[in-house]
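A.B. asks: fold the stuff below for me.
(one chain, ligands or ions: 1)
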Amino acid sequence: MKIDRKLSLNTLAIHAGQQPDPATGAIMTPIYQTSTYVQPALGKPLLPGYEYARTKNPTRTAFEQCVAALECEGDNIGYGAAFASGCGAETTVMHLLEPGDHVVVSDDVYGGTFRMFDKVFFAGGKGIQFTYVDMTNLAAYEAAFKPNTKLVWIETPTNPMLKVIDLEQTIAIAHKKKALALVDNTFMSPMLQKPFRFGADIVLHSATKYLNGHSDVVSGVTVVKDKALADKIYFLQKSLGAVAGPMDSWLAMRGLKTLPLRMERHDFNGRAIAQKLAEHSEIAKVIYPGLKTHAQHALSSKQMSGFGGMITFVMKGGLEKARKVVAGTKIFALAESLGGVESLIEHPGIMTHASVPPENRKALGIDDGLIRISVGVESVDDLWEDLKIALAL
Ligand code: PLP
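C.D. replies: Reported below is the predicted structural model:
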């Protein structure tokens, strides 16, 4: 789309990276379900770069450009790369590093990210070192750097404890130490948090979650603003091959069109449900950045433009009660994942964070009675009724 004015994210979500198909005028980008491209003459592809579909696919390119436009708040100023999953995006980014390099990681990252770092890139003999640190403690964070620190891996809000990390401060410290700063923006999406405003070098998503939003695709994305870094990522993308397929790219791009609308409703529902949970007698603690009781509520209000749909709470009755609650809801489905239009409920200790060793879980506060919900976009009254019934079991 070529319009010289600055466009709002609501418009970019629908149009960025997309134009009517030149062959037919079809308004929707076709699903280019092809593995290769016929060359009119030897060594002269019809379009530069379109020689083999692992390297480039037009449907994937449109999706990549649309996500990049949302994160960068403008068309054609950033570089997106789409992968077969969020973990595929992470694997590719990790190949920017060399054996002997060191990474500072938020202590409460997604369990699968921890497993990849711990079991593949560290214990797996790839020679990368990691220090996990509570990044809400800036002194501890700064002390975690080593002369060989090349990358800082920030996930905020953290998963599942929803700690909010100060992006401005942590990224400034990373840059002072000459390390790249990556922000996993999966939980907030570009609608509610804009890591590039705070100087992030790489923004990463599990597009499986809010970006696609309909629980029918596994995908991942990176966005960068620096051309040299983008070229490195594109080289790794085609060399490692964990690319997003055309069908998944198309579905995720369709999902993006309603991202602004969905995030508004996730945020509205999240705030309302968190407040009601906080008033419930069976619950010991509710963690939600939008509640005044949240340890980083002031920072959250400044850094994010909403609080989203992820809520964590601890049952007074511990594991036994938590088991009843997660099995007792009818609209909230008992399932891993998050960020879809439908509401989900899960037990991090037994499900998403089972790969985090019990002693680490304990230190992080991942209690046996802890439940995580992803509040969808259904009627908030129906959702609360569903939870209320399960909480009384
Ligand atoms: N980052 C976060 C915050 C996640 O929650 C997840 C998955 O749950 C991932 C990354 C990995 O993404 P995927 O499951 O698409 O590989």
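
A.B. asks: surely residue 199 is in contact with residue 173?
C.D. replies: No. Under the criterion of C-beta atoms under 8 Å, residue 199 is not in contact with residue 173, lying 10.8 Å apart. C-beta: built from backbone N, CA, C; applies to glycine.

A.B. asks: which one of these two is surrounded by more residues?
C.D. replies: residue 173 (20 against 16; other C-beta atoms under 10 Å).

A.B. asks: the more buried one touches residue 143, doesn't it?
C.D. replies: No. With contact defined as C-beta under 8 Å, residue 173 does not count as touching residue 143 (10.6 Å).

A.B. asks: distance of whatever residue of the stretch 51-200 of the chain ends up closest to the ligand from residue 373?
C.D. replies: Distances between the stretch 51-200 of the chain and the ligand by C-beta to the nearest ligand atom are smallest at residue 86, namely 2.2 Å. According to C-beta to C-beta, to the nearest Å, residue 86 and residue 373 sit 20 Å apart.

A.B. asks: next up, the contacts around residue 131.
C.D. replies: Residues near residue 131 by C-beta atoms under 8 Å, 6 or more residues apart in numbering: 102-105, 144, 146.

A.B. asks: now with 10 Å, please.
C.D. replies: Residues near residue 131 by C-beta atoms under 10 Å, 6 or more residues apart in numbering: 102-105, 107, 140-141, 143-146, 149.

A.B. asks: of these, buried ones?
C.D. replies: Neighbour counting with 16 or more other C-beta atoms under 10 Å marks 102-105, 107, 141, 144-145, 149 as buried within these.

A.B. asks: using the three-state scheme, assign residue 260.
C.D. replies: What DSSP: H, G, I helix; E, B strand; the rest coil gives for residue 260 is helix.

A.B. asks: residues contacting the residue lying closest to it once chain neighbours are set aside?
C.D. replies: Excluding the flanking residues, the one nearest residue 260 by C-beta to C-beta, 6 or more residues apart in numbering is residue 10, at 4.7 Å. Residue 10 makes contact with 191, 257, 259-261, 264 under the criterion C-beta under 10 Å, 6+ apart.

A.B. asks: ditto for residue 284
C.D. replies: If you count contacts by C-beta under 10 Å, 6+ apart, then residue 284 has 313-318, 367, 369-370 around it.

A.B. asks: which ones among these also lie next to the ligand?
C.D. replies: Checking these against the ligand by C-beta under 6 Å from any ligand atom, not one of them is in range.

A.B. asks: among those, name the ones in helices.
C.D. replies: residue 318 (DSSP state H).

A.B. asks: overlap in contacts of residue 199 and residue 173?
C.D. replies: Counting by C-beta under 10 Å, 6+ apart, the residues touching both residue 199 and residue 173 are residue 181.

A.B. asks: tell me where the model's unsure across this structure.
C.D. replies: 1 (pLDDT under 70).

A.B. asks: give me that answer again for 80
C.D. replies: 1-4, 355 (pLDDT under 80).

A.B. asks: ok, which stretches of it are helices?
C.D. replies: 9-15, 58-72, 86-94, 111-115, 138-143, 167-176, 189-192, 227-240, 246-257, 259-278, 297-303, 318-328, 358-364, 380-391.

A.B. asks: alpha carbons of the fourth one, as CSV, please.
C.D. replies: This file holds the C-alpha atoms of helix 111-115, laid out as CSV (Å, rounded to 0.1, in the frame of the first residue of the first chain):
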residue,chain,number,x,y,z
GLY,A,111,8.8,-22.7,29.8
GLY,A,112,9.6,-23.7,26.2
THR,A,113,12.1,-20.8,25.9
PHE,A,114,13.8,-21.9,29.1
ARG,A,115,13.9,-25.5,27.9
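
A.B. asks: give me the most central residue, this structure.
C.D. replies: What sits nearest the mean C-alpha location of the chain, by C-alpha atoms, centre = their mean, is residue 186, with 1.6 Å.

A.B. asks: how much space separates that one from residue 363?
C.D. replies: Taken as C-beta to C-beta, the span from residue 186 to residue 363 is 23 Å.

A.B. asks: re earlier: the residue nearest to the centre of the chain - nearest residue in space that isn't next to it in sequence?
C.D. replies: residue 206 (4.6 Å).

A.B. asks: residues touching that neighbour, list them.
C.D. replies: Per C-beta under 10 Å, 6+ apart, neighbours of residue 206: 83, 85-90, 110, 112-113, 184-187, 212, 218-221, 337-339.

A.B. asks: what's the answer for residue 105, then?
C.D. replies: In this structure, residue 105 makes contact with 113-114, 117-118, 130-133, 135, 144, 151-155, 182, judged by C-beta under 10 Å, 6+ apart.

A.B. asks: let's go with 6 Å and repeat that
C.D. replies: 130, 132, 153 (C-beta atoms under 6 Å, 6 or more residues apart in numbering).

A.B. asks: residue 337 and residue 362, how far apart?
C.D. replies: 24 Å.

A.B. asks: actually, residue 105.
C.D. replies: Residue 105 is 19 Å from residue 362, by C-beta to C-beta.

A.B. asks: could you do residue 53 as well?
C.D. replies: Applying C-beta to C-beta to residue 53 and residue 362 gives a distance of 47 Å.

A.B. asks: any idea how far residue 88 is from the residue of the stretch 101-250 of the chain found nearest the ligand?
C.D. replies: Nearest residue of the stretch 101-250 of the chain to the ligand: residue 206, at 3.0 Å (C-beta to the nearest ligand atom). According to C-beta to C-beta, residue 206 stands 10 Å off from residue 88.

A.B. asks: go on, residue 22?
C.D. replies: 30 Å.

A.B. asks: which one of those two is surrounded by more residues?
C.D. replies: Counted by other C-beta under 10 Å, residue 22 and residue 88 do not tie: residue 88 has more neighbours, with 23 against 7.
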